[in-house]
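Undergrad: show me the folded form of this:
(2 chains)
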Amino acid sequence: MRLATWNINSVRARLPIVDQLITTQAPDVLCLQETKVQDQLFPRDFFRERGYVHMAIRGQKGHHGVATLSRVPFEGSGHIDWCGKGDARHVSIRLSGGAAVHNFYVPAGGDEPDPAVNEKFAHKLSFLDEMIAWSKDLKDPSIMVGDLNVAPAPEDVWSHKQLLKVVSHTPVETDAMGRLQAAHGWVDAVRTHHPLPEKLYSWWSYRARDWSASDRGRRLDHVWISPALDGKTTGLTILRDARGWEKPSDHVPILVDLDM
DNA sequence: ATGGTAGCGAAGCTA
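TA: Residues are numbered from 1 along each chain as shown, chains lettered A, B, ... in the order given. Below is the predicted model of the structure:
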């Protein structure tokens, strides 16, 4: 089974390159973040026509939004209302066989990395704290994917030194990511297949003159699996090329092949 | 130190 995760920064604006991903990579399960559309306006027919007839969609007007589209049936879906804000930042499905797929869009956190003056950063830290508590109690074999908006290791950013005070790579965030990983024994499947110290990015700003030449990227998108599923991933690709596609997202897809 | 781009939805906010 092949699973893809992708922050597409508007599903409606990105249909041509979603089609390109489906045609060239043929994922069975597609986890999208930042769909930026209300559920009644979600392009269901587009996915249905391409065989993704099983859909778990959770959107809201204008911002955020996640969706998991699948060619293989799933047994149920759900979501958690993180921080009690009603944001569409998480949707889960249960695959036949029992494994859950949790699709996340963690808050970006604004610009100022101080929770005392920036409520968006405080929200991000609270969200991560709730994920830690949830992970401690998590029993089911699970796959957690999505835009976690944290680049944990020095090799996950273009310049560790220059990003230490930039939201996404501050010590308080990377520490939280470490505690999140430990809380369930999450295995970072990207690093299983592309170990440190290889530099890896999944996001490049729209604001660069030449994203590829400057290559100032960050690894914000993740595929984590339960210890019980360790060894079930047979391959994993960060599709850097997609950043150069026509009218791209600022994030690229991650593809993981699972023996299950 | 600053500003650069993109999407939503129709001005400014978020990223």
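Undergrad: which of the residues in stretch A:87-96 are buried?
TA: By 16 or more other Cβ atoms under 10 Å, the buried positions in stretch A:87-96 come out as A:87-95. All C-beta spots, glycine's among them, are computed from the backbone N, C-alpha and C.
Undergrad: kindly apply the preceding question to stretch A:196-209 instead.
TA: So stretch A:196-209, judged by 16+ other Cβ under 10 Å, has buried residues A:200-204.
Undergrad: assign a three-state SS to the spatially most central residue of chain A, would you?
TA: The centroid of chain A falls nearest to residue A:146 when counting by Cα atoms, centre = their mean (1.3 Å). Going by DSSP: H, G, I helix; E, B strand; the rest coil, the secondary structure assigned to residue A:146 is strand.
Undergrad: partner residues bridging it?
TA: Under the criterion DSSP bridges, residue A:146 forms beta bridges with residue A:104, residue A:222.
Undergrad: interface residues of the stretch 151-260 of chain A facing DNA strand B?
TA: Residues of the stretch 151-260 of chain A lying near DNA strand B by Cβ under 7 Å from any atom of the strand: A:205-207, A:247.
Undergrad: quick one: name the residues of the stretch 1-150 of chain A near DNA strand B.
TA: Counting by Cβ under 7 Å from any atom of the strand, the stretch 1-150 of chain A comes close to DNA strand B at A:9-10, A:12-13, A:36-38, A:61-63, A:107-110, A:120.
Undergrad: just the buried members of these?
TA: Buried by 16+ other Cβ under 10 Å: A:9, A:36-37, A:107-110, out of these.
Undergrad: one step back: nearest to residue A:221, of the buried residues of stretch A:196-209?
TA: Nearest to residue A:221 among those: residue A:202, at 4.0 Å, using Cβ to Cβ.
Undergrad: if you skip the residues just before and after it, what's nearest to the residue in chain A that DNA strand B sits nearest to?
TA: The minimum distance from chain A to DNA strand B, using Cβ to the nearest atom of the strand, falls at residue A:10 (3.1 Å). Of all residues not flanking residue A:10 in the chain, residue A:36 sits nearest, at 4.4 Å (Cβ to Cβ, 6 or more residues apart in numbering).
Undergrad: got it, and residue A:3?
TA: Nearest one to residue A:3, counting by Cβ to Cβ, 6+ apart, is residue A:29 at 4.5 Å.
Undergrad: near that neighbour, how many other residues are there?
TA: 25 (other Cβ atoms under 10 Å).
Undergrad: my guess is it contacts residue A:70. True?
TA: Yes - using Cβ atoms under 8 Å, residue A:29 is in contact with residue A:70, at 4.7 Å.
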